[in-house]
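[1] Following is a predicted model, sequence given first.
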Amino acid sequence: MKNSMISCVICGEKFVPSTPNAKYCSPECAETGQNARRREWEQRTGYLEKKRRQAQERRNAIKAAAQAEKDAAARQAAEERQRLGKERIEVAQNALIQSIERGEPLARMRVYPPNTLEYWEAYRDYDISYAESIGKRCYTTVNDIYVTDADFPNLMIISIRELGQIREDVRHV
Ligand SMILES: [Zn+2]
């Protein structure tokens, strides 16, 4: 049966085929041949290009997910900052409201503008109580009106309107 020898399509070695379709002399040549066929098939069908595209799409998806996560974290941080800011403002407002309710003159002066009776009542209360706290008498004037004048708040409204100015002379003796 010498005439049944054929050449291996990979290495060219002569061998006796074990089946009618055998093309390779050894398992190694069979593997080489199968790899070559697979490569040929991959090129013909655009398999590698498809794989590359899929890998690229996967990378893009991962990048987009990471970016989305980063954006969400940044958004959350901004919301947290805003919440804390609001909370601080609320705390400060509540403190101010409580100070006003306790009748603290400086708090009242912060909420009333200087063209109101409330402002000048608070101003008088503050200045007189300050003078008392340091054991002195209060001779402070504003626009030459003594804060100790019983009509000080009213007179201040009138004098601001007439003079267009607020001139303080703080004096504790
Ligand atoms: Zn071979």
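    That came in fine, so what should we check first?
[2] tell me what the lowest-mean-pLDDT helix or strand in the chain is packed against?
    Using mean pLDDT, DSSP states H and E, helix 105-111 stands out as the lowest-scoring helix or strand of the chain, at a mean of 90. In terms of contacts (3 or more CB pairs under 8 Å, 6 or more residues apart in numbering; DSSP states H and E), helix 105-111 is packed against helix 47-101, helix 117-133. Placement of C-beta: from N, CA and C, glycine included.
[3] right, and these - which one's nearest Pro17?
    helix 47-101 (30.2 Å; CB to CB).
[4] residues near Gly103, how many?
    Residues near Gly103, counting by other CB atoms under 10 Å, number 10.
[5] can you check Ala30 too?
    16.
[6] number of nearby residues for the nearest residue to it once chain neighbours are set aside?
    Spatial nearest neighbour of Ala30, excluding adjacent residues (CB to CB, 6 or more residues apart in numbering): Tyr24 at 4.1 Å. As a burial measure, Tyr24 scores 19 neighbours (other CB under 10 Å).
[7] and if you look at the one 4 residues further on?
    Taking other CB under 10 Å as the criterion, the count of residues near Glu28 is 11.
[8] now swap in Glu13 and tell me
    Neighbour tally, Glu13, other CB under 10 Å: 13.
[9] now it: how far from the ion?
    Counting by CB to the ion, to the nearest Å, the separation of Glu13 from the ion is 5 Å.
[10] Tell me the pLDDT of the closest residue in space to that residue that isn't next to it in sequence.
    Leaving out its chain neighbours, the residue that sits closest to Glu13 by CB to CB, 6+ apart is Cys25, at 4.6 Å. pLDDT recorded at Cys25 is 94.
[11] same check, this time on Pro20
    pLDDT for Pro20: 87.
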